[in-house]
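[1] Need coordinates for the below:
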Amino acid sequence: MQLVKEYAHLKEEDLLGRIHRAKEELGDSLIILGHHYQRNEVIQFADFCGDSLDLARRAAEQKKARHIVVCGVRFMAETAAVVCGEEQVVLTPNLKAGCPLADFAQLDDVKQAWEELQEADVGSLVPVAYVNSAVVIKAFCAQNGGISCTSANAKVIVGWGLKQGKVFFMPDENLGINAARECGLSQDKVVLWEPGKTLGGNEIEELRRAEMIVWRGHCYVHSSFAFADVERVRVKDPKAKVIVHPECPPAVVEAADGSASTSQILRIVEEAPPGTSFAVGTEVNVVERLNSEYPDKEVFPLKRSVCEDMAKIDPPGLLHILESLVAGTPVNVVHLSPEVRKWGALPISRMLYVKARR
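    Numbers count the residues shown, from 1 in each chain. Sure thing, here's the model as predicted:
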């Protein structure tokens, strides 16, 4: 910890210079992956930028790189670790950069819920783990015939799951409910599961009647957006197109002109004609970067919402990681058990297979 504090006191010029030198010394043995929610002072060092799934794909493609540094929250580093080769080392600049959304689904709670549902005989269950979940949750899904999904393909994956049985979706309730609506499910066919309560706070008949059971959990960045924010933009800038992330509350998604994953938002803005105005409901670093990259368009936040956990990744932490690699004593390595490594990538593979068959 003392070493990190020493890095934090470096002047910006020295800090950035040492990062560049460490990257140069490590050469092709190093790949730095940066999530879109990162600040520019971190993103500038990334070899590749992307959303959660993009980073996992990039990690899997890096056959020559010995060291993969993931500038994102912990579950992203874990996901990268399960898809990389066993000889590769995945690291993160800050092991304390977690994800409150992923934390809503704890493995013991999920196992307990699964047992209760089995005992209640509610029908054939298909677990679906949002990619924004801990790797042990993805592994649990794989062991029980389940699959993973992203915010971009949630509708497709939920639709696939509904053909197999009753979907047990976790951990984001907003994404689950929005995907269910897109699949045409009526409100009475979707029930919420409250961890810690008997039968998730539901009656057996409700669970048997339901076609989708959605875990209670949310992303604080996206659940902060409200219907009133959309209404305010409609009055202030009637020509602006309101695009929100599907982790936003259903009322916000319904009021917006469209919902899209981070990567889809980037593409929508890129492809829009000059002069288009967008109010975007997602993490503010993405929005501000888009506004800077496309000066011929106006891109502004629906409301300022910051991922404080992403902000825990910073240049001093990145330098700490890189110089530990140069010294041959890597720190903040993501360690996974052989069983989790074996099962963790399977639901992602299943997801890609389902998409490929569409």
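
[2] C-alpha only now, for contacts and for neighbours.
    Fine.

[3] Against Pro100, how distant is the residue in the chain sticking out farthest from the centre?
    Here the chain reaches farthest from its C-alpha mean at Glu205, the gap being 33.1 Å by C-alpha atoms, centre = their mean. Distance of Glu205 to Pro100, computed by C-alpha to C-alpha, to the nearest Å: 31 Å.

[4] ok, now Ala139?
    Distance check for Ala139 against Pro100: by C-alpha to C-alpha, it reads 19 Å.

[5] what's the burial count for Gly328?
    9 (other C-alpha atoms under 10 Å).

[6] ditto for Leu107
    By other C-alpha under 10 Å, the residues close to Leu107 number 17.

[7] just Val252 next, same as before
    So Val252, with other C-alpha under 10 Å, has 27 neighbours.

[8] can you check the one 5 residues further on too?
    If you count neighbours by other C-alpha under 10 Å, Asp257 ends up with 14.

[9] got a pLDDT number for Ala46?
    At Ala46, the model reports a pLDDT of 97.

[10] To clarify, my last question referred to Arg358.
    56.

[11] With Leu3 instead?
    pLDDT at Leu3 comes out at 53.

[12] Next: Ser349.
    84.

[13] ok now do it, which residues does it touch?
    If you count contacts by C-alpha atoms under 8 Å, 6 or more residues apart in numbering, Ser349 has none.

[14] In a helix, it, correct?
    Yes - using DSSP: H, G, I helix; E, B strand; the rest coil, the assignment for Ser349 is a helix.

[15] gap between it and Leu101?
    22 Å.

[16] Please apply the same query to Leu16.
    Counting by C-alpha to C-alpha, the gap from Leu16 to Leu101 is 32 Å.

[17] And those two? Which one has more around it.
    Leu101 (20 against 17).

[18] List the residues that contact the more buried one.
    Asn132, Ser133, Pro171, Asp172, Gly217, His218, Cys219, Tyr220.

[19] what's it sitting at in phi/psi?
    Note on Leu101: backbone dihedrals following degrees, to the nearest 10 are phi -60, psi -50.

[20] Nearest to Trp114, out of the contacts of Leu101: which one, please.
    Pro171 (13.8 Å; C-alpha to C-alpha).

[21] The closest one touches Tyr130, doesn't it?
    Yes - using C-alpha atoms under 8 Å, Pro171 is in contact with Tyr130, at 6.6 Å.

[22] These two: who's more crowded?
    With other C-alpha under 10 Å as the criterion, Pro171 and Tyr130 differ in neighbour count, and Pro171 comes out ahead with 30 against 24.

[23] How about the contacts made by that one?
    Neighbours of Pro171 in contact, by C-alpha under 8 Å, 6+ apart: 101-102, 104-105, 129-130, 132-133, 214-218.

[24] which helix in the protein runs the most residues?
    helix 12-26 (DSSP state H).

[25] would you turn the contacts of Pro171 into JSON lines with pLDDT, distance to Glu247 and secondary structure?
    Below are these laid out as JSON lines (pLDDT from 0 to 100; distance: C-alpha to C-alpha, whole Å; DSSP: H, G, I helix; E, B strand; the rest coil):
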{"residue": "Leu101", "pLDDT": "98", "distance to Glu247": "10", "secondary structure": "helix"}
{"residue": "Ala102", "pLDDT": "97", "distance to Glu247": "13", "secondary structure": "helix"}
{"residue": "Phe104", "pLDDT": "98", "distance to Glu247": "14", "secondary structure": "coil"}
{"residue": "Ala105", "pLDDT": "98", "distance to Glu247": "16", "secondary structure": "coil"}
{"residue": "Ala129", "pLDDT": "97", "distance to Glu247": "14", "secondary structure": "strand"}
{"residue": "Tyr130", "pLDDT": "97", "distance to Glu247": "11", "secondary structure": "strand"}
{"residue": "Asn132", "pLDDT": "95", "distance to Glu247": "11", "secondary structure": "coil"}
{"residue": "Ser133", "pLDDT": "96", "distance to Glu247": "13", "secondary structure": "coil"}
{"residue": "Val214", "pLDDT": "98", "distance to Glu247": "13", "secondary structure": "strand"}
{"residue": "Trp215", "pLDDT": "98", "distance to Glu247": "13", "secondary structure": "strand"}
{"residue": "Arg216", "pLDDT": "98", "distance to Glu247": "12", "secondary structure": "coil"}
{"residue": "Gly217", "pLDDT": "98", "distance to Glu247": "10", "secondary structure": "coil"}
{"residue": "His218", "pLDDT": "98", "distance to Glu247": "7", "secondary structure": "coil"}
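
[26] Next, format these as TSV and append distance to Trp343.
    Below are these laid out as TSV (distance: C-alpha to C-alpha, whole Å):
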residue	distance to Trp343
Leu101	21
Ala102	18
Phe104	21
Ala105	17
Ala129	13
Tyr130	15
Asn132	16
Ser133	14
Val214	23
Trp215	21
Arg216	24
Gly217	23
His218	25
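
[27] so how far is Ala22 from Gly328?
    To Ala22, Gly328 is 12 Å away according to C-alpha to C-alpha.

[28] what sits in contact with each of those two?
    By C-alpha under 8 Å, 6+ apart, no residue touches both Gly328 and Ala22.
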